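# My questions concern the predicted model and sequence given below.
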Amino acid sequence: MPRRATLRDVALRAGVAIRTVSNVVNGYAPVAEHTRARVQAAIDELDYQPNLLARSLKQGRSHIIALVVPELDVAYFAELARMVIAEAATRGYTVIIEQTDGDGQQERELLMQNPRALPFDGVILSPVAISHADLANRASAVPLVLIGERVYDGTLDHVSIDNITAAREATDHLLALGRRRIAAIGDQPYDTGETAQLRTLGYRQAHANASLAVDESLVIRTARFHRGEGASAMEQLLALPKPPDAVFCYSDLLALGALRVALSHGVRVPEDIAIVGFDDIEDGRYSTPTLTTVAPDKAEIARRAVERVIARIESTDTRDPQEIRASHRLVVRETTVGAQPSAVGAESSALGAAKDARAPKAPRRRATPVSTQQH
């Protein structure tokens, strides 16, 4: 059996010091790009594999990060988890995943555990029910980075997007299309509903900027951002004496549920009701019609969260906690502008699509109900 390559072998092949190879492998210190490339070439040629057990024993670390999310069967978190795992792997870390189901007690128990009893070095947490006080009183000293849109007091690293701006842009898009009775599905006016509250604020800001009053009967609350709640909300909206001509949903799952009900009632989308979602999950790219949505940069969220937690684990960054805003964009598809003749199913920019869609709409009418497939 051939002998496994060592750090010394890689150093000799690359013509650098062993410490330099270690810095490249572990990401401990900046290394000149041409030197890094030479070391990486030697690693590839020798098929060098770090001895993770020896490294863990030497450093007193497991090189494991815990990713804690509310619901693994929600597509947004599943897609984000895949990106966190990939990002951590490039830095020599493994990820384990824990689901809390949004239960405050489970989130608090995680914070109160003795750090010596934990099998991981750091935590990336998407909280739902814990409070500022829970975070301030946590017993564990394990590095913790928050993701998601709950608003905290700056005592921990936090990676999020600008929900208010994103929601305002989604509503502005519908207003630019000439829609005036715009419903909102997903409001959550209670302590743990900060994400929804921020999106409602952006929705209201867009109306205020357009000097348009919000019809409160069009703002529908939901307990969660699931398909079933979206379907129920759309049933409620269609039962109104004057239904909406557009709907902004606070998640793609809500939007897909709402879309299904609209089509089952013979409502044309987008001719009668335009629909916008939030999250840009894969399902929305293949729904019929395809779903216009706000797309948070999940890859950036994953990268920045992993960077922050590893920086805290390895003490390479001793700055005060960072509030990091990841980017987002509006992806315009068929549920707001219909199939585009030049490229059916293709995504267009929000600005261009809105401009093209300013032409007067055809008179609204109810289509004959037809059998449709579930999405």
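Perfect, I can see it now.
# so how far is stretch 169-178 from its chain's centroid?
Mean-position distance between stretch 169-178 and its chain equals 22 Å (Cα atoms, centre = their mean, to the nearest Å).
# An error on my part: the question was meant for stretch 224-243.
Distance, centroid of stretch 224-243 to centroid of chain: 24 Å (Cα atoms, centre = their mean).
# doesn't Gln188 make contact with Val219?
No - contact criterion Cβ atoms under 8 Å: Val219 and Gln188 do not qualify, at 11.0 Å. All C-beta atoms are positioned from the backbone trio N, CA, C, and that covers glycine.
# Apart from its chain neighbours, what residue comes closest to Glu323?
Of all residues not flanking Glu323 in the chain, His158 sits nearest, at 5.4 Å (Cβ to Cβ, 6 or more residues apart in numbering).
# I should have written Ser22 there, sorry.
Distance criterion Cβ to Cβ, 6+ apart; nearest residue to Ser22, sequence neighbours excluded, is Leu7 at 6.2 Å.
# do you know how far that neighbour is from Val16?
11 Å (Cβ to Cβ, to the nearest Å).
# show me what contacts Glu107?
By Cβ atoms under 8 Å, 6 or more residues apart in numbering, the contact list for Glu107 reads 68, 100, 125, 127-130, 134.
# quick one: what helix or strand has it in it?
Secondary structure assignment for Glu107, by DSSP states H and E: helix 104-112.
# And that helix, what's buried?
Buried residues in helix 104-112, counted by 16 or more other Cβ atoms under 10 Å: 104, 106-108, 110-111.
# cool, and stretch 216-232?
For stretch 216-232, by 16+ other Cβ under 10 Å, it's 218-222, 224-227, 229-232.
# can you check stretch 198-210 too?
Neighbour counts over stretch 198-210 (16+ other Cβ under 10 Å) mark 198-200, 202-207 as buried.
# correct me, but Phe225 touches Leu256?
No - between Phe225 and Leu256 there is no contact under Cβ under 8 Å: 10.9 Å.
# Inside helices: which ones of the buried residues of stretch 198-210?
Judged by DSSP state H, helices contain the following of the buried residues of stretch 198-210: 198-200, 202-207.
# State the pLDDT value of the most centrally placed residue in the chain.
Compute the mean C-alpha point of the chain, and by Cα atoms, centre = their mean the closest residue is Lys298, 4.9 Å away. pLDDT, Lys298: 97.
# All further residue positions should be reported with the first residue as 41.
With 41 as the first residue, the last one maps to Lys338.
# residue contacts, the closest residue in space to it that isn't next to it in sequence?
Distances taken as Cβ to Cβ, 6+ apart put Leu120 closest to Lys338, at 5.1 Å, once the chain neighbours are dropped. Leu120 makes contact with 109, 187, 338, 341-342, according to Cβ under 8 Å, 6+ apart.
# Likewise for Asn249?
With contact set as Cβ under 8 Å, 6+ apart, Asn249 has these partners: 208, 212.
# quick revisit: how about the buried residues of stretch 256-272 in a markdown table, adding distance to Pro284, secondary structure and pLDDT?
Formatted as a markdown table, those follow (distance: Cβ to Cβ, whole Å; DSSP: H, G, I helix; E, B strand; the rest coil; pLDDT from 0 to 100):
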| residue | distance to Pro284 | secondary structure | pLDDT |
| --- | --- | --- | --- |
| Leu258 | 5 | helix | 98 |
| Val259 | 11 | strand | 98 |
| Ile260 | 10 | strand | 98 |
| Arg261 | 15 | strand | 97 |
| Thr262 | 16 | coil | 96 |
| Arg264 | 21 | coil | 91 |
| Phe265 | 19 | coil | 94 |
| His266 | 20 | coil | 95 |
| Arg267 | 19 | helix | 97 |
| Glu269 | 17 | helix | 98 |
| Gly270 | 14 | helix | 98 |
| Ala271 | 15 | helix | 98 |
| Ser272 | 15 | helix | 98 |
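# ok, those vs Ala224, which is closest?
Val259 (4.9 Å; Cβ to Cβ).
# Provide a list of residues in contact with the closest one.
Shown in contact with Val259 (Cβ under 8 Å, 6+ apart): 223-224, 227, 240, 243.
# just Ser257 next, same as before
Going by Cβ under 8 Å, 6+ apart, Ser257 touches Leu280.
# for it, helix, strand, or coil?
Assigned by DSSP: H, G, I helix; E, B strand; the rest coil, the conformation of Ser257 is helix.
# which stretches of the stretch 41-190 of the chain aren't confidently modelled?
41-42, 66-69, 90-101, 154-157, 179-180, 190 (pLDDT under 70).
# could you redo the last one with a cut-off of 90?
41-48, 57-74, 76, 80, 83-84, 86-103, 130-132, 141-160, 167-182, 188-190 (pLDDT under 90).
# which stretches of it form helices?
For the stretch 41-190 of the chain, the helices defined by DSSP state H, counting those that start in this stretch cover 47-54, 58-66, 73-86, 92-99, 115-129, 144-152, 172-176.
# Asp285 is nearest to which of the ones you listed?
Between Asp285 and these, the tightest spacing by Cβ to Cβ is seen for helix 115-129, at 27.2 Å.
# Export that closest one to CSV, keeping only CA atoms.
What follows is helix 115-129, C-alpha atoms only, in CSV (Å, rounded to 0.1, in the frame of the first residue of the first chain):
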residue,chain,number,x,y,z
ALA,A,115,-37.3,24.1,0.3
TYR,A,116,-35.6,27.4,1.2
PHE,A,117,-33.8,25.8,4.2
ALA,A,118,-33.0,22.6,2.2
GLU,A,119,-31.3,24.7,-0.6
LEU,A,120,-29.5,26.9,1.9
ALA,A,121,-28.3,23.8,3.9
ARG,A,122,-26.8,22.3,0.7
MET,A,123,-24.9,25.6,0.2
VAL,A,124,-23.7,25.8,3.8
ILE,A,125,-22.4,22.2,3.6
ALA,A,126,-20.5,22.9,0.3
GLU,A,127,-19.0,26.2,1.7
ALA,A,128,-17.9,24.6,4.9
ALA,A,129,-16.3,21.7,3.1
